[in-house]
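1. Pasted the sequence and its predicted model underneath.
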Amino acid sequence: MAKAALSNNLQGALWILASCLAATVMTVGVKMASDGLSSTQIVFLRCILSLVIMAPFVINSGKNVLFSRHWKTHLVRGALGAVSMNAGFYALGNLPITTASVLFFSTPLFMTALAGPMLGEKVGIHRWGATLVGFAGIIVVVNPTLDTVEFAMLAALISAVLFAVILIQGKILSKDDPPGTLMIYFMVMTTLASAPPALSHWVWPDQSLWLVLVVLSIGATARVYFDIKAYAVGEASAISVFQYLRLITIAGAGYIVFAEVPDERTIVGAGLIVASTLYIAQREAFRQRRARLAAAKTGD
């Protein structure tokens, strides 16, 4: 008797788990490379190596993947990606990786706040309320005082805000351009934008650093591929919750590799951020289901 095939959502969840593991490899790699290289150089070399990894895909996809009517938007998106990646890698190099990752998870909150001005979406009181709870979680983690706010935490938030803009731009661009085009433009532009600061204080990596850079670049590229596969087979509302497994895998890696233990503020703030973003995701899923039902009734 043939074995029953895995459901689409279960397949999507397994791809998300693979994405979490790949993201953890990248995160640990960035932290390790930060001991010998600046964040700008890590970003530049990560982009170069990812382009090499993606080269066979570009060749197999044909030259059409390189053309887009929205090339100006792609360039802006790539430039923002360079800033976001540099800020994020700087944060990973100067914060416990769990703390940095918790702040990165604020991206959905900023996407909700930006949905109105960038997409023309109406954000209801429920989603705004959840967003405010999430921002309260950010404040708990950052713990701002009158004296100072740690710059690395600000860098993590800057990375999250810009990544939210990048995701929204990707949503707009994906209406006309395939995922391959978005990936190629993004990586090429990010590489070019990251080159000047990286080359201004270049240090040649030793053999062990090259190995770390190759592994983290494979992890970063694999994560993007796994995410695409996950959302291609599963329902976003059903599988997005599994993204939060990344906090567990990264916290575990931080403890094993760097002997890092999350403090109470990070744990409490993470709880608020995760709860709020999960609620936002569920409200969005409900809104989409209601829209589909209304469209179906109109069709009748």
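-> Yep, that arrived. Since we're looking at a predicted model, the values are computed, not measured.

2. just checking, next helix/strand downstream of the helix or strand bottoming out on mean pLDDT in the chain?
-> Every helix and strand of the chain was ranked by mean pLDDT, DSSP states H and E. The lowest is helix 236-239, at a mean of 66. Heading C-terminal from helix 236-239, the first helix or strand you meet, by DSSP states H and E, is helix 245-258.

3. what's the offset of the following helix or strand past that next one from the middle of its chain?
-> Scanning forward in sequence from helix 245-258 by DSSP H and E, the next helix or strand is helix 264-299. In terms of C-alpha atoms, centre = their mean, to the nearest Å, the centre of helix 264-299 is set 18 Å apart from its chain centre.

4. Ok, stretch 45-64 next?
-> Averaging C-alpha positions (C-alpha atoms, centre = their mean) puts stretch 45-64 20 Å from its chain's average.

5. What residues of that stretch count as buried?
-> Within stretch 45-64, the residues scored as buried using 16 or more other C-beta atoms under 10 Å are 45-51, 53-54, 58. Placement of C-beta: from N, CA and C, glycine included.

6. for stretch 115-131, which positions count as buried?
-> Across stretch 115-131, burial judged by 16+ other C-beta under 10 Å covers 115, 123, 127, 130-131.

7. what's the straight distance from one end of it to the other?
-> End-to-end distance for stretch 115-131: 12 Å, by C-alpha to C-alpha, to the nearest Å.

8. And the buried residues of stretch 45-64, which is the shakiest by pLDDT?
-> pLDDT is lowest at residue 58 among those; the value there is 73.

9. who's in contact with that one?
-> Contact analysis of residue 58 by C-beta atoms under 8 Å, 6 or more residues apart in numbering lists 65-66, 180, 184.

10. next one: residue 170
-> Taking C-beta under 8 Å, 6+ apart, we find residue 170 in contact with 77, 182.

11. Go ahead and list the helix or strand containing it.
-> helix 151-173.

12. same question, residue 229
-> Going by DSSP H and E, residue 229 is part of helix 207-233.

13. hmm, back to that, distance to residue 169 added to the buried residues of stretch 45-64, as CSV?
-> Putting the buried residues of stretch 45-64 into CSV (distance: C-beta to C-beta, whole Å) gives the following:
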residue, distance to residue 169
45, 25
46, 21
47, 18
48, 23
49, 24
50, 19
51, 20
53, 23
54, 20
58, 21
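
14. in stretch 15-32, what's buried?
-> Buried residues in stretch 15-32, counting neighbours by 16+ other C-beta under 10 Å, are found at 15-32.

15. so of these, which ones are in helices?
-> Of those, the ones assigned to helices by DSSP state H are 15-32.

16. how close does residue 32 get to residue 151?
-> Note on residue 32: its distance to residue 151, by C-beta to C-beta, to the nearest Å, is 21 Å.

17. I'd assumed residue 14 was in contact with residue 226.
-> No. Checked against C-beta atoms under 8 Å, the pair residue 226 and residue 14 is beyond contact range at 9.4 Å.

18. Distance check, residue 280 against residue 132.
-> Taking C-beta to C-beta, one finds residue 280 at 11 Å from residue 132.
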